[in-house]
Structures are given as C-alpha cells and as structure tokens.
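J.: Only the shape, not the letters, is given here:
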C-alpha cells in the first residue's frame, strides 16, 4: 500500500503553468480523489495547484488513508518554474506519518549549476539537468504540457530524481481511449500503462482531455493481484 501511495503521489496530474514568455491557460485548481482497495474506500487524496507571487508554480498532494490497522498521512509539494513550456525544478518537500517509520525529505535544485541539495542531510549531489530531469511530482506537469501541445502522445518518458537522489526512468505507453463512470461523472479519457517487469507491477493511468488532461483514474496490479485505485471525485477550478 505504501508503494501505491507513493506512486499516486508521484502521478499527480494537474498543472497551472507560468512562463516569462508564455502562459499556458490552465486555472489553479483543487481536485479530490477517492482511494479504494478491492472496491472499498480507504481514504481521500487531494491535489492543489496555484501560482506564487514570484511567478513560480506550487503543486501539492496530500493523502489521509486508513485500512484495517494501517494508517498513512502524506503531503508532497513541488515548486517549479515554467518557461517555453519546459518545467524547471526549484524545490521538493515530502512528509509521511502513520504506521511504520515516519519520513521527511527536503530538496532544493539548481539546474543551471547541475546541483541538487538534500536539506535534511545537508548533502549536495551533482545531477545532469540538461536532459530535463524532473522530480516525482513535476514530471507529470511536464507531461501535461506535452499533452496540451500535442494530444497524440504514443508514450511519455522522463528521468525522475527520487527522494534518495537516484535517477529513475518513468515511461507510460498509450493503450487507448475509454469512457469512464467515476464519482465525478461520465468522462472520456486517454489510457496509459506503465510496466515495471522486475517488480511484476503494472499501473494504468487515465487522463481526461476535456479537463485539460487531468488525471481522473489510477489503478495498479502487482503480481497479478489488484492493489489500489484512485478515482476523481470533485474538482474545484479557481
């Protein structure tokens, strides 16, 4: 369940993009998701995106889950700058509490200097940002910009810096179009698939063109067994 929540957090899919030379016209918003396990509700997820006074974009996601004796509360925030439809990292913060060990990560990025600073451990890493490395939230902001520029995406593929500072590849491939009945209502969506063979894990994600490619459903299978699902419940566009 912990891995699913982390994945859901990383798959956060709504964007308001600011640029010095170009503004992508997507309004700030707050979205609410129902999180299910084998069809039973186990909690809520909330995503929110807003403009900051300095022109940067703040994207945050938080969950509050309870399943049997398991509890999990998380909050994740990414601060980015967007210019010419390219997302550039600035800050990343993550906090987790509940069953098991609590976790806290704070990173500050300096793409022009190819540096990443772990603020919790006071440790600096050298990272090649020239290929557009993203953090665990921002890669979906970049992916959404790509959708807006070109809705026909056979796949999207990004190198993502993890909370430990390692670079991992995230690739989702187009499966097809589907019509979904969600708590939010009936909606058409584009379906994508990510497969991690070494972990025998498959994740499906659905994005709604009529909602500017907002993530509306997420579903994961591991070792052939249904894991968890997230469904869009409410959307407040500000």
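T.: Ah, there it is. Given the structure is predicted, the values throughout are model-derived calculations rather than measurements.

J.: Okay, now the unreliable bits of this protein?
T.: Within the chain, the stretches with pLDDT under 70 are 1-26, 225.

J.: which helices and strands sit right next to the lengthiest helix in the chain?
T.: Across the chain, the helix with the greatest residue count (assigned by DSSP state H) is helix 138-149. Packed against helix 138-149 by the contact rule (3 or more C-beta pairs under 8 Å, 6 or more residues apart in numbering; DSSP states H and E) you find strand 57-67, strand 70-83, strand 86-98, strand 155-161. Placement of C-beta: from N, CA and C, glycine included.

J.: try it again with 6 Å
T.: Taking 3 or more C-beta pairs under 6 Å, 6 or more residues apart in numbering; DSSP states H and E as contact, the helices and strands that helix 138-149 lies on are strand 86-98, strand 155-161.

J.: Just name the most buried of those strands.
T.: Ranked by mean neighbour count, those are led by strand 86-98 with a mean of 19 (mean count of other C-beta atoms under 10 Å).

J.: In CSV: the helices and strands packed on helix 138-149, plus distance to residue 192.
T.: As requested, these are exported to CSV (distance: least, C-beta to C-beta, whole Å):
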stretch, distance to residue 192
strand 86-98, 19
strand 155-161, 8
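
J.: Could you list the residues in contact with the biggest strand by length in the chain?
T.: Secondary structure assigned by DSSP state E gives strand 167-182 as the longest strand of the chain. Defining contact as C-beta atoms under 6 Å, 6 or more residues apart in numbering, one finds that strand 167-182 is touched by 154-162, 187-194, 217, 231-232.

J.: So residue 192, which state does it fall into?
T.: Counting by DSSP: H, G, I helix; E, B strand; the rest coil, the backbone at residue 192 sits in strand.

J.: quick one: it and residue 205 touch, right?
T.: Yes: with contact defined as C-beta atoms under 6 Å, residue 192 reaches residue 205; the gap is 5.0 Å.

J.: out of the two, which sits in the more crowded spot?
T.: Neighbours per residue (other C-beta atoms under 10 Å) separate residue 192 from residue 205, with residue 205 holding more: 25 against 22.

J.: Over to residue 166: give its phi and psi.
T.: phi -80, psi 150 (degrees, to the nearest 10).

J.: neighbours around it, how many?
T.: Other residues within reach of residue 166 by the criterion other C-beta under 10 Å amount to 9.

J.: Residue 210 now?
T.: When neighbours are defined as other C-beta under 10 Å, residue 210 has 10 of them.

J.: Then residue 147?
T.: Neighbour tally, residue 147, other C-beta under 10 Å: 19.

J.: Would you check how far apart the closest residue to it other than its chain neighbours and residue 145 are?
T.: Using C-beta to C-beta, 6 or more residues apart in numbering and skipping residues adjacent in sequence, the residue nearest residue 147 is residue 213, 4.2 Å away. Residue 213 sits 9 Å away from residue 145 when distances are taken as C-beta to C-beta, to the nearest Å.

J.: Neighbour count for these two, which is higher?
T.: Shown here are residue 213 and residue 145; by other C-beta under 10 Å, residue 213 has more neighbours (24 against 21).

J.: State the distance from that one to residue 132.
T.: Taken as C-beta to C-beta, the span from residue 213 to residue 132 is 19 Å.

J.: List the contacts of residue 85.
T.: Applying C-beta under 6 Å, 6+ apart to residue 85 gives the contacts residue 145.

J.: From residue 143, how far out is it?
T.: Using C-beta to C-beta, one gets 11 Å for the distance from residue 85 to residue 143.

J.: And residue 165, by the same measure?
T.: According to C-beta to C-beta, residue 165 stands 22 Å off from residue 143.

J.: Those two: which is more packed in?
T.: Taking neighbours as other C-beta under 10 Å, residue 165 and residue 143 compare with residue 143 leading, 25 against 16.

J.: Perfect, that will be all.
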